[in-house]
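K.L.:
3D model of this:
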Amino acid sequence: MKVYSPEFKTEAVALVHSDPDLTIAQTARDLGINAETLRNWIRADRARGGSTTGMTRKNVTSTTPATREELEAASRPWRPS
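P.N.:
So this is what the prediction gives:
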């Protein structure tokens, strides 16, 4: 089972809510994660009192949501050169 950082989870949730045309399934597919996993992160964010857009910043140091490309790169396994 792959473990994702709290920052990755928060940014993935924010990405879903950043564009009304994006679906959970489409975003998950683009990030290379399971749609139900992303759905669970969204539910957990709401249960913690996340904003209606799902963009909580408790564990994120940056002030802007990550781009889709940054999240996709973060979800790829590290491979030594």
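
K.L.:
pLDDT at His17, what is it?
P.N.:
Listed pLDDT for His17 reads 89.

K.L.:
burial count for it?
P.N.:
Neighbour count for His17, taken as other CB atoms under 10 Å: 18. For the C-beta atoms, the positions are set from N, CA and C on the backbone; glycine is no exception.

K.L.:
who touches Ala28 in this structure?
P.N.:
Asn34, Ala35, Thr37, Leu38 (CB atoms under 8 Å, 6 or more residues apart in numbering).

K.L.:
Just the element for it, please.
P.N.:
helix 24-31 (DSSP states H and E).

K.L.:
Next, the buried residues of that helix.
P.N.:
Ile24, Thr27, Ala28, Asp30, Leu31 (16 or more other CB atoms under 10 Å).

K.L.:
Following element in sequence after that helix, please.
P.N.:
By DSSP H and E, the next helix or strand past helix 24-31 is helix 35-47.

K.L.:
So which elements touch that next one?
P.N.:
helix 6-18, helix 24-31 (3 or more CB pairs under 8 Å, 6 or more residues apart in numbering; DSSP states H and E).

K.L.:
Export those as JSON lines, with columns for distance to Ile42.
P.N.:
Listed next are the helices and strands packed on helix 35-47 as JSON lines, based on distance: least, CB to CB, whole Å:
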{"stretch": "helix 6-18", "distance to Ile42": "5"}
{"stretch": "helix 24-31", "distance to Ile42": "7"}
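
K.L.:
Throw the contacts of Ala28 into a markdown table and include pLDDT, distance to Asp19 and neighbour count, thanks.
P.N.:
A markdown table is the format used below for the contacts of Ala28 (pLDDT from 0 to 100; distance: CB to CB, whole Å; neighbours: other CB atoms under 10 Å):
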| residue | pLDDT | distance to Asp19 | neighbour count |
| --- | --- | --- | --- |
| Asn34 | 96 | 20 | 13 |
| Ala35 | 96 | 16 | 15 |
| Thr37 | 96 | 19 | 16 |
| Leu38 | 96 | 14 | 21 |
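
K.L.:
Between the residues you listed, which sits nearest Leu15?
P.N.:
Comparing the contacts of Ala28 against Leu15 with CB to CB places Leu38 closest, at 9.3 Å.

K.L.:
surely the closest one meets Leu15?
P.N.:
No. Taking contacts as CB atoms under 8 Å, Leu38 lies outside contact range of Leu15: 9.3 Å.
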